[in-house]
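Colleague: Provided below for reference: sequence and predicted model.
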Amino acid sequence: MADCIFCRIVAGELPADVVARTPRCLAFRDLDPKAPTHVLVVPVDHIDHAGELGPEHADMLAEVFDTARTVAEGDGVAASGYRLVFNVGDDAGNTVPHLHLHVLGGRPMAWPPG
Ligand code: AMP
Ligand code: ZN
């Protein structure tokens, strides 16, 4: 999708602080981090949000979660703990319509989120 900012980051048309890359996904640091570690893991192929996922996305999702663990280990937060979040829709605060898994860590986080 030509007008999607995360598709443009995947294509290398927009800059990003990339921390991991696999055949099906890319991980880069969030521009406005909400925790010391705040990385977004996105699929290379555009999909709007987690509500669109189906069985055909199983391989891609396995790679997204595998990459999230690699990122957490690389940032040294795997042992202290981290949060994985998919926001879907307005009430969840979803702002970028390209699926992205937030990897948040490096500080204690409240539950439930505000
Ligand atoms: P969400 O609210 O779940 O849609 O999350 C979108 C996230 O993307 C927010 O945390 C933004 O700070 C982040 N974001 C938006 N534009 C960029 C960008 N160009 N590079 C990195 N992160 C971005
Ligand atoms: Zn996209």
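Modeller: Happy to help now that I have it. Ligands and ions are numbered 1, 2, ... in the order given.
Colleague: List, one by one, the residues from this protein near ligand 2.
Modeller: Proximity of the chain to ligand 2, by C-beta under 5 Å from the ion, involves residues 1, 4, 6-7, 46, 98. (Glycine included, C-beta is placed from N, CA and C.)
Colleague: Neighbouring strands of the longest strand seen in the chain in the sheet, and parallel or not?
Modeller: Using DSSP state E to define each element, the chain has its longest strand at strand 37-43. In the sheet, strand 37-43 lines up against strand 25-29 (antiparallel), strand 101-105 (antiparallel) (DSSP bridges).
Colleague: closest one to Pro112 among the ones you listed?
Modeller: strand 101-105 (14.3 Å; C-beta to C-beta).
Colleague: Figure out how far the helix or strand following the longest strand of the chain is from the centre of its chain.
Modeller: Downstream of strand 37-43, the next assigned helix or strand under DSSP states H and E is helix 58-74. Relative to its parent chain, helix 58-74 has a centroid offset of 9 Å by C-alpha atoms, centre = their mean, to the nearest Å.
Colleague: again, but for stretch 65-76
Modeller: 11 Å.
Colleague: quick check: mean pLDDT across it?
Modeller: Average pLDDT, stretch 65-76: 98.
Colleague: Could you point out the bridge partners of the residue nearest to Tyr82 when sequence neighbours are not counted in the sheet?
Modeller: In space, and not counting its chain neighbours, Tyr82 is closest to Gly105: 3.3 Å by C-beta to C-beta, 6 or more residues apart in numbering. Beta-bridge pairing of Gly105 under DSSP bridges involves Thr37, Tyr82.
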